[in-house]
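Q: Please work out how this folds:
(one chain, ligands or ions: 1)
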Amino acid sequence: MSILKVARLGHPVLRGGARPLTPKEVVAAPIQRLIADMVETMHEYNGVGLAAVQVHQPLQIAVLEVADNPRYPEKPAVPLSVLVNPRIEPLAQSMEEDWEGCLSVPDMRGRVPRYAQLRVRALDHEGREIDFTASGFHARVIQHEFDHLNGKVYLDRMSDLSTLAHLQEYIRYWSEK
Ligand code: NI
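A: You can find the predicted model right below:
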């Protein structure tokens, strides 16, 4: 496995979208290797999610996991999951605002409104159809990664850029300790 280079804001790959994969492609060696490398890269940089476009691959793959993460110490656990070709559908119109960061926008935090509850359909790491509901922080991470696969970053979703903060200032003035 390898730790991959993460594209930063300004790299066109973050704005170009991603193509879907067939189940056959998912189980083939190159994609299995990419998924393993994405998980390793996410762990290395303490991310809670990583989209393939962030490692310069315009493919509809995202990995996510929240488990005692030092970048998000107060957040509930989300099991390691792989979402290929994800489709999301809000289950209610209500939105919640909370802080987000992104490995492609290093050392920044901002408040982002997201749907509180989602239905998610995707393929898993073995190319099988999965269909589940997600809420709260789990739903937030999925929306963040889904956006990456469609050429968006969390800054595009902020309703008020005045909350944008560098990480040190966020920790000093805004984080819930
Ligand atoms: Ni991100």
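Q: Can you give the distance from the helix or strand hosting Val120 to the centre of its chain?
A: Following DSSP states H and E, one finds Val120 within strand 117-123. Between the centre of strand 117-123 and the centre of its chain there are 14 Å (CA atoms, centre = their mean, to the nearest Å).
Q: Then stretch 103-118?
A: With CA atoms, centre = their mean as the basis, the mean position of stretch 103-118 lies at 9 Å from the chain mean.
Q: buried stuff in it?
A: By neighbour count on 16 or more other CB atoms under 10 Å, the buried set for stretch 103-118 is 103-105, 108-118. Heads up, the C-betas are built off the backbone N, CA and C, glycines and all.
Q: Gln57: which of these is nearest?
A: When the buried residues of stretch 103-118 are compared for distance to Gln57 (CB to CB), Ser104 wins out at 13.5 Å.
Q: show me the contacts for the closest one.
A: 6-9, 11, 14, 54, 148, 153 (CB atoms under 8 Å, 6 or more residues apart in numbering).
Q: Between the two ends of stretch 38-56, what distance do you get?
A: 11 Å (CA to CA, to the nearest Å).
Q: now swap in stretch 2-10 and tell me
A: End to end - CA to CA - stretch 2-10 spans 24 Å.
Q: got a list of contacts for the lengthiest strand in the chain?
A: The longest strand of the chain (DSSP state E) is strand 78-90. With contacts defined as CB under 8 Å, 6+ apart, strand 78-90 is touched by 20-21, 26, 35, 39, 48, 60-67, 115, 117-125, 127, 130, 137-138, 141-143, 145-146, 149.
Q: Many thanks, we can stop here.
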